[in-house]
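Trainee: Just need the structure, nothing else, for what follows:
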Amino acid sequence: MKTIRSRDGDTISNILLLGLGRNDDEAEEALFEQNPGLEQHGPVLPAGVVIFLPTMPEKAPETVVNIWD
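Mentor: Numbering: from 1, shown residues only. Prediction:
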């Protein structure tokens, strides 16, 4: 598990993208489970909030199907 500290103006979406390389519902749920009370800060975090990033498996790339294949 990785620990980070927020900078003024960070959002949960940015933290997930930068820290985990993904920003989906599964990652967001895992983040809030690891950090009870994080939601009290609202959508934009103040500076200095300690956040524990969950360990997440790599998300499999989505297969794109073209109608011509």
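Trainee: any idea how far the residue nearest the centre of the chain lies from E58?
Mentor: With distances taken as CA atoms, centre = their mean, the chain has L16 as the residue nearest its mean C-alpha position (2.3 Å). Computed as CB to CB, to the nearest Å, the L16 to E58 distance reads 14 Å. Where C-beta positions appear, they are placed from N, C-alpha and C, glycine not excepted.
Trainee: circling back to that earlier point, what's the nearest residue to the residue nearest to the centre of the chain if we skip its chain neighbours?
Mentor: What sits nearest to L16 in space, not counting adjacent residues and going by CB to CB, 6 or more residues apart in numbering, is N23, at 4.4 Å.
Trainee: M1 now?
Mentor: Nearest non-adjacent residue to M1, counting by CB to CB, 6+ apart: F52, 5.5 Å away.
Trainee: sec struct for that neighbour, please.
Mentor: Applying DSSP: H, G, I helix; E, B strand; the rest coil to F52 yields a three-state assignment of strand.
Trainee: was I right about E33 contacting P54?
Mentor: Yes: between E33 and P54 there is a contact under CB atoms under 8 Å: 7.3 Å.
Trainee: neighbour-wise, which of the two wins?
Mentor: Counted by other CB atoms under 10 Å, E33 and P54 do not tie: P54 has more neighbours, with 18 against 11.
Trainee: For the more buried one, report the pLDDT, please.
Mentor: For P54, the pLDDT comes out at 93.
Trainee: same thing with H41?
Mentor: pLDDT, H41: 94.
Trainee: and what of D10?
Mentor: Here the pLDDT value assigned to D10 is 95.
Trainee: what's the closest non-adjacent residue to it?
Mentor: L45 (4.7 Å).
Trainee: got a list of what the one you found touches?
Mentor: The neighbours of L45, taking CB atoms under 8 Å, 6 or more residues apart in numbering as the test, are 6, 8-12, 15.
Trainee: ok, back up a step: roughly how far apart are the residue nearest to the centre of the chain and M1?
Mentor: To M1, L16 is 14 Å away according to CB to CB.
Trainee: What's the first helix or strand after the helix or strand hosting the residue nearest to the centre of the chain?
Mentor: Assessed by DSSP states H and E, L16 sits inside helix 12-20. Downstream of helix 12-20, the first helix or strand assigned by DSSP H and E is helix 25-34.
Trainee: Much appreciated, bye for now.
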